[in-house]
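Asks: attaching a predicted model along with its sequence, questions to come.
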Amino acid sequence: NNPTLSTIGTVSYYAEAVGPLPTQCVNPTRTEVILTIKDTPEAPSSGGDIEQCVQSPIQTLTATATAPTGATVVWYDSETGGASVLSPTLNTVGTITYYAESDLAGCLSPTRTAVKLTIAPLPLAPISDGNQTVCESDPIQTLTATATVAAGDSIVWYDALGNVTNNPTLSTIGTVSYYAEA
C-alpha cells in the first residue's frame, strides 16, 4: 500500500494490473519500479590557493581539488550556476577563482570549493634619488643611499658583491656603489 523510499538506498516494487469488478482479473505480468536515493557527496577538498610572481616565460598555474572516494571533480567559473570549465588554469598576470564540485554518479555536492589562482606582476625597479658626491667635512659626514619604489613595495639593498645590506652608507673618503631592488 506504500511503495515509497525515504532513506539512502534502493528498493524495487512490482505493479500488477487488476481489472474492474466483478471479475478483477489479474494480468500475469508485473512491472518493476526501482526507487533509488543516492548519497550526496561532500564538496571537494581544495589543493590550496596558488599565488606566484610572474616568470619569463610566463608560467601556467592549475587549480587542484580532491573529491571524496568514488566521486569526480567538476570545475565551474562561478560559486553557483555558471559554466563548467575543462581546464582550471591561469597563464596571464591577474587573479581568477575556480569552483570545484563533487559528482558522485550524477549526485552533486551541495556546495562548491573555491580555489584562487594569482600570477602577480613584478614590481617596477626602484628609482634612484641620485648619486651623491660631497667634499669631506670635519667630522666626516655619512652618506646614505636612497631610492623610491611604488606604494606598497619595499626596497632591498645590495652591495657590489650582491650581498644584502641593511645599511647602504658611506662614512669614509672613497666611493661605494649600492643596488636597490623592489
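Replies: All right, it came through fine. Predicted model, so just to flag it, every value in this text is computed and none were measured.
Asks: the residue of the chain most remote from its centre and P28, how far apart?
Replies: Distance from the C-alpha centroid of the chain peaks at P22, with 70.4 Å (Cα atoms, centre = their mean). From P22 over to P28 the distance is 20 Å, taken as Cβ to Cβ, to the nearest Å. The C-beta positions use only the backbone N, C-alpha and C, and glycine is treated the same way.
Asks: where does the residue farthest from the centre of the chain land in three-state SS?
Replies: coil (DSSP: H, G, I helix; E, B strand; the rest coil).
Asks: offset the numbering so it begins at 48, please.
Replies: Noted, 48 is the first residue going forward, which turns the last one into P69.
Asks: residues contacting it?
Replies: By Cβ atoms under 8 Å, 6 or more residues apart in numbering, the contact list for P69 is empty.
Asks: where does the closest residue to V73 other than its chain neighbours land on pLDDT?
Replies: Of all residues not flanking V73 in the chain, V65 sits nearest, at 5.5 Å (Cβ to Cβ, 6 or more residues apart in numbering). Note on V65: pLDDT of 92.
Asks: then L68?
Replies: Looking at L68, its pLDDT reads 89.
Asks: now the spatially closest residue to T158 that is not a sequence neighbour: phi and psi?
Replies: Spatial nearest neighbour of T158, chain neighbours left out: A90 (4.7 Å); criterion: Cβ to Cβ, 6+ apart. Here is the backbone geometry of A90 (degrees, to the nearest 10): phi -60, psi 150.
Asks: count of residues packed around A90?
Replies: As a burial measure, A90 scores 21 neighbours (other Cβ atoms under 10 Å).
Asks: for it, give me its contacts.
Replies: Contact analysis of A90 by Cβ under 8 Å, 6+ apart lists A147, E148, S149, S156, P157, T158, R159, T160.
Asks: and those residues, which are buried?
Replies: Buried residues within these, counting neighbours by 16 or more other Cβ atoms under 10 Å: A147, E148, S149, S156, R159, T160.
Asks: what's the closest of these to S131?
Replies: Nearest to S131, judged by Cβ to Cβ, of those is E148 at 8.9 Å.
Asks: show the subsequent helix or strand relative to the longest strand seen in the chain.
Replies: Across the chain, the longest stretch assigned as strand under DSSP state E is strand 141-151. Scanning forward in sequence from strand 141-151 by DSSP states H and E, the next helix or strand is strand 154-155.
Asks: adjacent strands (with direction) for that next one?
Replies: Strands that pair with strand 154-155, judged by DSSP bridges, come out as strand 141-151 (antiparallel).
Asks: buried sites along the partner strand?
Replies: For strand 141-151, by 16+ other Cβ under 10 Å, it's I143, T144, Y145, Y146, A147, E148, S149, L151.
Asks: farthest pair in those residues?
Replies: Top of the distance list for the buried residues of strand 141-151 (Cβ to Cβ): I143 and L151, 26.4 Å.
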